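Engineer: can't give you the sequence, but here's the structure:
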């Protein structure tokens, strides 16, 4: 695509670092069962590897706008990457599950500082307009989600510690490239002042608020797949008298999921939005996601490894569409006086709050309800709520937003 060929070097450097950062989300999936066996960790603590990581990220998102203003985007990006290097590197030397959970706190903080700032930086620096920049960012997300599980699976065959060490090395390369190649930050007096409460003030924009709430429920369903599916696959496999699903098996399932997420986010999402409109595209994709979650629940009830695996892979289609569409709305619905990094932080706060809540709940729902199908049925319910929320977005007029309707509202073009 032309939009990818014309980007400046600084955008590619940031996108490369973003790929590695997103790899960290799926990196743990293929080795969850290996970690459980090596460290004798219960499921409730395994899912905290996602829950704590996302929970810290949620609240850290609130300071990203202030940090980018006070220290500059380059310093904020680089410090975020350095924290991920620190956390991933020390995780490779961890000896118990509590240490890994504690280190994921720093990992989540680093990811928050990097991700929100990187999105705003790419949108601001990329050629081809906001649409092209968001497609580039979502392509980085998809590649990271695809490569992360595969790398975790391959390195996990040697040791559960190896994927963490590999990620630390790659992230160190990304941090060095960002420190070396990104333009130097100017004095903070040249940037729009940002306070700690700015992300909440940005959510006064009705479109941004409703989009964030809808995305929160969808992200809750997404992290049911990320945090619970590897364990559900192993539960189903053990029910047939086999061992848990190994790193390679889980890695290839999530690799397929990540590839479909990347392809649909870059190629399918724009076409859907052009064909039926942005709001209809979002609601349709969430509806498809609900059906796939029901398929996963049926697979878990039948102890069918193949059916659960198929559902995980297929979920990549609506995921890619939704990631792209939701991100586009969030980056275009802020008012003219709100920096992109602030709108991104407010939106990301809501989005990842849904993911963190889901990642913590998934291990408890099967215990409370007595069935491994419960997380998937709850995920389907999250999708139903998300559709109801998105239906509230106004498409006929601006909602106190000076940005043109066809760029700011979900029904206007595409996310």
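Structural biologist: Sure thing, it's come through. Keep in mind that what you see is a predicted model, and the values were worked out from it rather than measured.

Engineer: so where's the stretch 301-415 of the chain uncertain?
Structural biologist: Judged by pLDDT under 70, the stretch 301-415 of the chain has its weakly predicted residues at 330-341, 395-415.

Engineer: got it, and the stretch 1-150 of the chain?
Structural biologist: In the stretch 1-150 of the chain, residues with pLDDT under 70: 1-5, 128-130.

Engineer: repeat that with 90
Structural biologist: Across the stretch 1-150 of the chain, the ranges flagged by pLDDT under 90 are 1-34, 36-37, 43-44, 46-47, 49-51, 53-54, 57-77, 111-150.

Engineer: count of neighbours near residue 384?
Structural biologist: 15 (other C-beta atoms under 10 Å). In short, each C-beta sits where N, CA and C put it, glycine included.

Engineer: host element of the spatially closest residue to it that is not a sequence neighbour?
Structural biologist: Distances taken as C-beta to C-beta, 6 or more residues apart in numbering put residue 290 closest to residue 384, at 6.0 Å, once the chain neighbours are dropped. Taking DSSP states H and E as the criterion, residue 290 maps to helix 278-301.

Engineer: what packs against that helix?
Structural biologist: helix 206-239, helix 269-276, helix 305-314, helix 316-332, helix 374-390 (3 or more C-beta pairs under 8 Å, 6 or more residues apart in numbering; DSSP states H and E).

Engineer: buried stuff in the helix or strand following the first one?
Structural biologist: Going back to what we said before, that points to helix 206-239. As assigned by DSSP H and E, the chain's next helix or strand after helix 206-239 is helix 247-263. Across helix 247-263, burial judged by 16 or more other C-beta atoms under 10 Å covers 247, 249-263.

Engineer: wait, which of the residues you listed is closest to residue 151?
Structural biologist: Residue 151 has its nearest neighbour among these in residue 251, at 8.1 Å by C-beta to C-beta.

Engineer: which residues are in contact with the closest one?
Structural biologist: Applying C-beta atoms under 8 Å, 6 or more residues apart in numbering to residue 251 gives the contacts 29, 30, 149, 150, 152, 153, 154, 156.

Engineer: let's have the helices and strands packed on helix 278-301 in JSON lines, adding distance to residue 177.
Structural biologist: Shown next, in JSON lines, are the helices and strands packed on helix 278-301 (distance: least, C-beta to C-beta, whole Å):
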{"stretch": "helix 206-239", "distance to residue 177": "27"}
{"stretch": "helix 269-276", "distance to residue 177": "28"}
{"stretch": "helix 305-314", "distance to residue 177": "32"}
{"stretch": "helix 316-332", "distance to residue 177": "23"}
{"stretch": "helix 374-390", "distance to residue 177": "37"}
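
Engineer: looking at those helices, which is closest to residue 93?
Structural biologist: Here helix 206-239 is closest among these (C-beta to C-beta), at 23.3 Å.

Engineer: show me what counts as buried in the closest one.
Structural biologist: 206-237.

Engineer: and the residue nearest to residue 220 when sequence neighbours are not counted, what is it in contact with?
Structural biologist: Distance criterion C-beta to C-beta, 6+ apart; nearest residue to residue 220, sequence neighbours excluded, is residue 358 at 3.7 Å. With contact set as C-beta under 8 Å, 6+ apart, residue 358 has these partners: 219, 220, 221, 222, 223, 224, 227, 378, 379, 382.

Engineer: how about these in CSV, adding distance to residue 40?
Structural biologist: Putting the contacts of residue 358 into CSV (distance: C-beta to C-beta, whole Å) gives the following:
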residue, distance to residue 40
219, 30
220, 29
221, 30
222, 29
223, 24
224, 25
227, 19
378, 27
379, 28
382, 31
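
Engineer: pick the one among the residues you listed closest to residue 47.
Structural biologist: residue 227 (4.8 Å).

Engineer: separation between that closest one and residue 78?
Structural biologist: 29 Å (C-beta to C-beta, to the nearest Å).

Engineer: and residue 364, by the same measure?
Structural biologist: From residue 364 to residue 78 the distance is 37 Å (C-beta to C-beta).

Engineer: neighbour count winner among these two?
Structural biologist: Higher neighbour count among residue 364 and residue 78: residue 78, with 25 against 14, using other C-beta under 10 Å.

Engineer: pretty sure that one contacts residue 176?
Structural biologist: No. Counting by C-beta atoms under 8 Å, residue 78 does not reach residue 176; the two are 9.1 Å apart.

Engineer: just the angle for the helix or strand hosting residue 348 relative to helix 206-239, thanks.
Structural biologist: According to DSSP H and E, residue 348 maps onto helix 340-361. The directions of helix 340-361 and helix 206-239 differ by 30 degrees, with axes from the mean of the first three to the mean of the last three C-alpha atoms, to 10 degrees as the criterion.

Engineer: after helix 340-361, next one along is what?
Structural biologist: Following helix 340-361 toward the C-terminus (DSSP H and E): helix 365-369.

Engineer: if we can go back for a sec, where is pLDDT lowest across the contacts of residue 358?
Structural biologist: Checking pLDDT across these, the minimum falls on residue 227 at 89.

Engineer: could you pull up the residues touching that one?
Structural biologist: With C-beta under 8 Å, 6+ apart, residue 227 has these contacts: 47, 50, 51, 358, 359, 362, 363.
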